[in-house]
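Student: sequence plus predicted model, see below.
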Amino acid sequence: MGRRPDPAMWRRLVEVAPSGDASLQIQIRRCLAAAILDGRLPAGCALPSSRALATLLKVSRNTVALAYRQMVDEGFVIPRERRGYFVHDQPAVPAARRPLPAAAGTPRAPSWLERLSGRLSSGQRNIRKPADWQRYPFPFVYGQSDPLLFPVAEWRECSRSALGVREIRDWSADMIDGDDPLLVEQLRSRVLPRRGIWAAASQIMITVGAQHALFLLAALLAAPERTVGVEDPGYPDARNIFALHGATLRPLAVAPEGHLAEHALAGCDYLYLTPSHQCPMTTTMPLADRETLLDRARGEDIVLIEDDYESELSFHDEPTAALKSLDREGRVVYVGSLSKTLAPGLRLGYIVGSEELIFEARALRRLMLRHPPANNQRATALFLQLGHHDALLRRLVRTFRERAEILAAALSRHLPGLRFRAPTGGSSLWVQGPAGFDGRRLADAAERAGVLLEPGDVFFSAPPAPCPFFRLGFSSIRAEAIEPGVRRLARVIAEDLC
């Protein structure tokens, strides 16, 4: 039990690299913990001395000694006086990692497909993109960010500040159904007023992104006897979320100028809208239409759910005010997000609504996840408070405006047969091909040629066949790659689709 493995075995068990993704000490601990958890180092197994392992790995002896001490604190290793370190007789191995005794007879696993109440993986139409999209030379994908635009130094500063002793005292406790008051205050006093929205702290709740906000609202409001009007074309996941909760969906045709057909609203209990930056067409609903819509909602007791995504990425100095800013009755529920401006992986959004609605939303969120991670909330609050978000927005708008202009010019030059509107904000462009053009067929052929784009059929409740639309995102592609990418796309269309 106490025999130490030979040096060759230790070199395989503990592999470290000075240029790795973590410090040498963390790499050593990670390798040792994995070997213990996987049973490659059994209970009672002796570890090399810190000097011997340091020599083997060509690292400092202090690095190994610190790793061993941390392993002792974590319950993986025990020290024995004058003998060295040994794997704990009862290491901190989760029960799920321990092998189970073999059952008598032939094992029979549950039939999970029969037990599932639904098949979400096959029953929904979703936007899809390759997991390795970054390796493609021309990634016109939407919703992903350019790492060079991320404010690394500023975010690191705020993350370090959030790890201060005083800050940790504020956010480390269980908030139960609460949120970081500093983040709520920054949203209330700095972010929302830009959209013409004034709200009390009790009317704001933090979510794990805008999609989580929509799920909460659907769970609270949607039901089989309720009808939800959704834009057509529109955001596929909103359509999926409301359908999942049993609501009757009514597609609402959106005109290229952003108009909604008024007669289609009759009988709706709720409307889900993206009026400031329509998904996916990028148009803005005119102010007169917003006022008419609110009058109609008031007269027919319709509640409006406004998803205000990308509104801050307007190329105009004065973007159109949010629909919520015109609301005097609390009839508009506002959904916002910081994911599109800061980072999609951050997953921080928020709901603004009546106190009664937010109170119930907190109760539901508590059952799901209690509250979003408080350390991320605090770091984000500091990022807003120090003005870094304002500076980031200015940089994003300047960069995206330049990329949008390059993309529009390249399409006009190399693909004059396609129709599109020059975007007035955001990070994508909606394109329509001529009659008979197939956007999905184009997407498949373009991917083989190294060009990623999104076919437009997924945005329609009942897409035409073939669907001539597709979306080109420009948040994740460098400016110098846009025109070559469009030239490659033109060649794909000429060779594969004509």
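Tutor: Yep, that arrived.

Student: which residues of this structure score low on pLDDT?
Tutor: Scanning the chain for pLDDT under 70 picks out 1-5, 91-107, 121-122, 498.

Student: and the residue nearest the centre of it?
Tutor: Geometric centre of the chain, nearest residue: Pro344, 4.2 Å, by Cα atoms, centre = their mean.

Student: quick one, what contacts that residue?
Tutor: When the contact criterion is Cβ atoms under 8 Å, 6 or more residues apart in numbering, the partners of Pro344 are 143-145. Every residue, glycine included, has its C-beta placed from N, CA and C.

Student: any idea which element the closest residue to Leu386 other than its chain neighbours lies in?
Tutor: Nearest non-adjacent residue to Leu386, counting by Cβ to Cβ, 6 or more residues apart in numbering: Cys158, 6.9 Å away. Cys158 belongs to helix 152-162 when assigned by DSSP states H and E.

Student: list the buried residues of that helix.
Tutor: Buried residues in helix 152-162, counted by 16 or more other Cβ atoms under 10 Å: 154-155, 157-159, 161-162.

Student: can I get the contacts of Pro344 in JSON lines with distance to Arg491?
Tutor: Listed next are those as JSON lines, based on distance: Cβ to Cβ, whole Å:
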{"residue": "Gly143", "distance to Arg491": "26"}
{"residue": "Gln144", "distance to Arg491": "24"}
{"residue": "Ser145", "distance to Arg491": "28"}
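
Student: make CSV from those and add neighbour count to it.
Tutor: Shown next, in CSV, are the contacts of Pro344 (neighbours: other Cβ atoms under 10 Å):
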residue, neighbour count
Gly143, 16
Gln144, 19
Ser145, 18
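
Student: tell me which of those is nearest to Arg298?
Tutor: Nearest to Arg298, judged by Cβ to Cβ, of the contacts of Pro344 is Gly143 at 34.1 Å.

Student: could you give the backbone dihedrals for the closest residue to that closest one other than its chain neighbours?
Tutor: Nearest residue to Gly143 in three dimensions, chain neighbours excluded: Pro344, at 5.9 Å (Cβ to Cβ, 6+ apart). Torsion angles at Pro344 (phi, psi; degrees, to the nearest 10) stand at phi -60, psi -30.

Student: for Gly234, see how far away Pro344 is.
Tutor: 20 Å (Cβ to Cβ, to the nearest Å).

Student: equivalent analysis for Gly336, please.
Tutor: Distance from Gly336 to Gly234, by Cβ to Cβ: 18 Å.

Student: more crowded one of these two?
Tutor: Gly336 (28 against 24; other Cβ atoms under 10 Å).

Student: so that one sits in a strand?
Tutor: Yes. Assigned with DSSP: H, G, I helix; E, B strand; the rest coil, Gly336 falls within a strand.

Student: between helix 152-162 and the longest helix anywhere in the chain, find me the angle.
Tutor: Ranked by residue count and defined by DSSP state H, the top helix of the chain is helix 388-414. Helix 388-414 and helix 152-162 are oriented at 150 degrees to each other (axes from the mean of the first three to the mean of the last three Cα atoms, to 10 degrees).

Student: number of residues surrounding Leu418?
Tutor: By other Cβ under 10 Å, neighbour count at Leu418 equals 18.

Student: against Gly436, how distant is it?
Tutor: Distance from Leu418 to Gly436, by Cβ to Cβ: 13 Å.

Student: picking up where we left off before, hang on, the residue nearest to Leu386 packs against Gln377?
Tutor: No. Contact criterion Cβ atoms under 8 Å: Cys158 and Gln377 do not qualify, at 11.3 Å.

Student: most distant residue from the middle of this structure?
Tutor: Arg82 (52.3 Å).

Student: just the buried residues of stretch 336-347, please?
Tutor: 336-344, 346-347.

Student: then that stretch to CSV, C-alphas only?
Tutor: Extracted C-alpha coordinates of stretch 336-347, given in CSV (Å, rounded to 0.1, in the frame of the first residue of the first chain):
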residue,chain,number,x,y,z
GLY,A,336,-33.1,43.9,-20.8
SER,A,337,-29.7,42.2,-21.0
LEU,A,338,-26.0,43.0,-20.5
SER,A,339,-24.9,39.9,-22.5
LYS,A,340,-25.0,41.6,-25.9
THR,A,341,-22.8,44.5,-24.9
LEU,A,342,-20.4,43.0,-22.3
ALA,A,343,-20.1,39.3,-23.0
PRO,A,344,-22.6,36.6,-24.0
GLY,A,345,-21.0,34.2,-21.5
LEU,A,346,-21.8,36.6,-18.6
ARG,A,347,-25.5,35.7,-18.7
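
Student: tell me the domain ranges of the chain?
Tutor: Structurally, the chain divides into domains by automatic domain parsing as follows: 7-95, 128-143+392-497, 152-386.

Student: what's the burial count for the closest residue to Ala409 other than its chain neighbours?
Tutor: Leaving aside its sequence neighbours, Ala409 sits nearest to Glu483 (Cβ to Cβ, 6+ apart; 7.9 Å). Neighbour count of Glu483, defined by other Cβ under 10 Å: 16.

Student: contacts only, for Glu483.
Tutor: 406, 409-410, 414.

Student: can you tell me how far it is from Glu447?
Tutor: 19 Å.

Student: ok, back up a step: what subset of the contacts of Glu483 is buried?
Tutor: With burial judged by 16+ other Cβ under 10 Å, the buried subset of the contacts of Glu483 is 406, 410, 414.

Student: export stretch 258-270 as CSV, just CAs?
Tutor: These are the backbone C-alpha positions of stretch 258-270, laid out as CSV (Å, rounded to 0.1, in the frame of the first residue of the first chain):
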residue,chain,number,x,y,z
GLY,A,258,-41.3,47.5,-38.4
HIS,A,259,-45.1,47.9,-38.6
LEU,A,260,-47.4,45.3,-37.0
ALA,A,261,-50.7,44.4,-38.6
GLU,A,262,-53.3,45.8,-36.1
HIS,A,263,-56.1,43.4,-36.9
ALA,A,264,-53.9,40.5,-35.9
LEU,A,265,-53.8,41.7,-32.2
ALA,A,266,-57.5,40.9,-31.6
GLY,A,267,-57.9,38.2,-28.9
CYS,A,268,-54.3,38.3,-27.7
ASP,A,269,-53.6,38.3,-23.9
TYR,A,270,-49.9,39.1,-24.4
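
Student: report the buried residues of it.
Tutor: Neighbour counts over stretch 258-270 (16+ other Cβ under 10 Å) mark 258-260, 265, 268-270 as buried.

Student: return the member of those residues nearest to Ala33.
Tutor: Tyr270 (49.4 Å).

Student: got a list of what the closest one touches?
Tutor: Counting by Cβ under 8 Å, 6+ apart, Tyr270 has contacts 221-222, 226-229, 247, 302-305.

Student: let's see which of those residues end up in strands.
Tutor: Counting by DSSP state E, the part of these found in strands is 227-229, 303-305.

Student: can I get the residues you listed in CSV with distance to Arg394?
Tutor: Output for the ones in strands among the contacts of Tyr270, formatted as CSV (distance: Cβ to Cβ, whole Å):
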residue, distance to Arg394
Thr227, 42
Val228, 36
Gly229, 36
Val303, 35
Leu304, 30
Ile305, 29
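
Student: and these, which is closest to Arg11?
Tutor: For the ones in strands among the contacts of Tyr270, the nearest to Arg11 is Ile305 (58.3 Å; Cβ to Cβ).

Student: I'd guessed that closest one sits against Tyr272; true?
Tutor: Yes. With contacts counted by Cβ under 8 Å, Ile305 reaches Tyr272, the gap being 4.8 Å.

Student: okay, and the common contacts of these two?
Tutor: Leu214.
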